[in-house]
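Chemist: Output the structure for:
(chains A, B, C and D)
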There are 2 protein chains.
Amino acid sequence: MARPALIDDAELLDKLSGVFRDVGYAGASLATLSEATGLKRASLYYRFPDGKEQMAREVLLTTKKWISETILEKLREDSSPHERIKQMCKTLDELYSGGKQACLLNMLSSARIQQGPFSKIIQSIFTDWIETLADVLTDAGFNKKTALMRSERALSQLQGSLVLSRGIGTNKPFRNFLAQLPEDLLGKA
Amino acid sequence: MARPALIDDAELLDKLSGVFRDVGYAGASLATLSEATGLKRASLYYRFPDGKEQMAREVLLTTKKWISETILEKLREDSSPHERIKQMCKTLDELYSGGKQACLLNMLSSARIQQGPFSKIIQSIFTDWIETLADVLTDAGFNKKTALMRSERALSQLQGSLVLSRGIGTNKPFRNFLAQLPEDLLGKA
DNA sequence: GTCTATAGGAAGATAGAC
DNA sequence: GTCTATCTTCCTATAGAC
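Modeler: Got it, this is the predicted structure:
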């Protein structure tokens, strides 16, 4: 290494992630990514030889790792199901800044890039999340099928509340989602 | 008019809509839009002098009109609340091709285009929809606040089920959403 | 109303200096 | 490791023929 990096990998990926989350893959130009990171285009190519696609892929893999190590890890602790879910709510509130930020997974999903380089990673994040959450619900006494249905529904609600919050210009849908999530997951009905 | 149009406005807007829905605004190049409509780029500029932005805006306005005249109109009929909601489910199933297609409103929402030319239209579509749906619920005996909460939640679930369906590569979330929607809206709890 | 041709600029990507 | 300079391709948009 010739000279010290101006920005370490973690922060670099975080900045890139912010751009992809805000404007999606097609909307993120190298000029935008360069401005956001403080690195010139050529420097970005030094760090990511395969260009924009590699940046997005590594951002997604980092996100997968982060979700696995924070959200899913906490879901596997040995506190009560209710407590574990409350923990997840708190983390989600931070992750999406109270509903003001879009979800990277939604913004990097594009119908035409289906079968593309990102869809498999996105799919694995969702399915891991759903299954881990379902395990919490089976701990709470629900059968496997109900647990999976409710977990899938919760992820669905999360995504939808973020879409709607953005669409109507207020984070109310996200707030309501978070407030109702424990009951939705663990309630009787 | 010098010679007959190769494609009428309605079908033209429909083709354009399909592209925006699949790849979003930034992902839709004039080459793509040209290929999808069968009109060369210059011809698209003849129909939409302000270019891509006008295309997306008119697509959105047409969508707003369509939703208003089909989905919302049916919600205002004088059949039972349950019947009206079943009607909406049927229309949604067709609109999103059983969950295989993304929602234009989501795909044209971009955080950086917030305050942009599309956000006001998107916002009005969502709020009109929520309020009209809420009126069905007040007809069913719910108070205004509950009706609005449930309606907002339903729109949220719709969006989320589409995002998740795309994310995990199966339309199961959308199917489950549709199946549960009448109960979610009109159920006791 | 649609086309071909093209201007002018922004896109992704690379070469080579430091 | 980062930069400036540059290449090539693709983009939006326009001019003018038919």
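Chemist: for chain A, what spans make up the helices?
Modeler: Ranges of helices in chain A, per DSSP state H, are A:9-27, A:30-37, A:41-47, A:52-67, A:73-75, A:81-95, A:104-107, A:119-139, A:144-168, A:172-186.
Chemist: need these in a markdown table with mean pLDDT, can you?
Modeler: Formatted as a markdown table, these follow (pLDDT from 0 to 100):
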| stretch | mean pLDDT |
| --- | --- |
| helix A:9-27 | 98 |
| helix A:30-37 | 98 |
| helix A:41-47 | 98 |
| helix A:52-67 | 98 |
| helix A:73-75 | 98 |
| helix A:81-95 | 98 |
| helix A:104-107 | 98 |
| helix A:119-139 | 98 |
| helix A:144-168 | 98 |
| helix A:172-186 | 98 |
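Chemist: Throw the ones you listed into TSV and include distance to B:E183 and mean neighbour count, thanks.
Modeler: Backbone N, C-alpha and C define where each C-beta goes, glycine included. Output for the helices of chain A, formatted as TSV (distance: least, Cβ to Cβ, whole Å; neighbours: other Cβ atoms under 10 Å in any protein chain shown):
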stretch	distance to B:E183	mean neighbour count
helix A:9-27	34	20
helix A:30-37	45	16
helix A:41-47	50	15
helix A:52-67	31	18
helix A:73-75	27	17
helix A:81-95	23	17
helix A:104-107	26	24
helix A:119-139	20	19
helix A:144-168	13	23
helix A:172-186	14	19
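Chemist: Out of those helices, the one nearest chain B is which?
Modeler: Chain B lies closest, by Cβ to the nearest Cβ, to one member of the helices of chain A: helix A:144-168, at 2.5 Å.
Chemist: on that earlier part again, using CSV, please lay out the helices of chain A together with distance to B:K40.
Modeler: Formatted as CSV, the helices of chain A follow (distance: least, Cβ to Cβ, whole Å):
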stretch, distance to B:K40
helix A:9-27, 22
helix A:30-37, 29
helix A:41-47, 33
helix A:52-67, 29
helix A:73-75, 54
helix A:81-95, 45
helix A:104-107, 31
helix A:119-139, 32
helix A:144-168, 34
helix A:172-186, 42
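Chemist: Out of those, flag the one nearest B:N106.
Modeler: With Cβ to Cβ as the criterion, B:N106 lies closest to helix A:144-168 of the helices of chain A, at 5.1 Å.
Chemist: Alongside DNA strand D, which residues does chain A contribute?
Modeler: A:1-7, A:38-43, A:46-47 (Cβ under 7 Å from any atom of the strand).
Chemist: right, and A:T127 touches B:I168 too?
Modeler: Yes - A:T127 is within contact range of B:I168, at 6.1 Å (criterion: Cβ atoms under 8 Å).
Chemist: gap between the two ends of stretch A:94-108?
Modeler: The straight-line separation of the ends of stretch A:94-108 (Cα to Cα, to the nearest Å) is 20 Å.
Chemist: Please identify the residues of chain A in proximity to DNA strand C?
Modeler: Residues of chain A lying near DNA strand C (Cβ under 7 Å from any atom of the strand): A:2, A:28-32, A:41-42, A:45, A:49, A:51-53.
Chemist: Now distance to B:M149 too, for those, in JSON lines please.
Modeler: Converted to JSON lines, those look like this (distance: Cβ to Cβ, whole Å):
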{"residue": "A:A2", "distance to B:M149": "59"}
{"residue": "A:A28", "distance to B:M149": "36"}
{"residue": "A:S29", "distance to B:M149": "40"}
{"residue": "A:L30", "distance to B:M149": "44"}
{"residue": "A:A31", "distance to B:M149": "43"}
{"residue": "A:T32", "distance to B:M149": "38"}
{"residue": "A:R41", "distance to B:M149": "48"}
{"residue": "A:A42", "distance to B:M149": "52"}
{"residue": "A:Y45", "distance to B:M149": "49"}
{"residue": "A:P49", "distance to B:M149": "50"}
{"residue": "A:G51", "distance to B:M149": "45"}
{"residue": "A:K52", "distance to B:M149": "41"}
{"residue": "A:E53", "distance to B:M149": "42"}
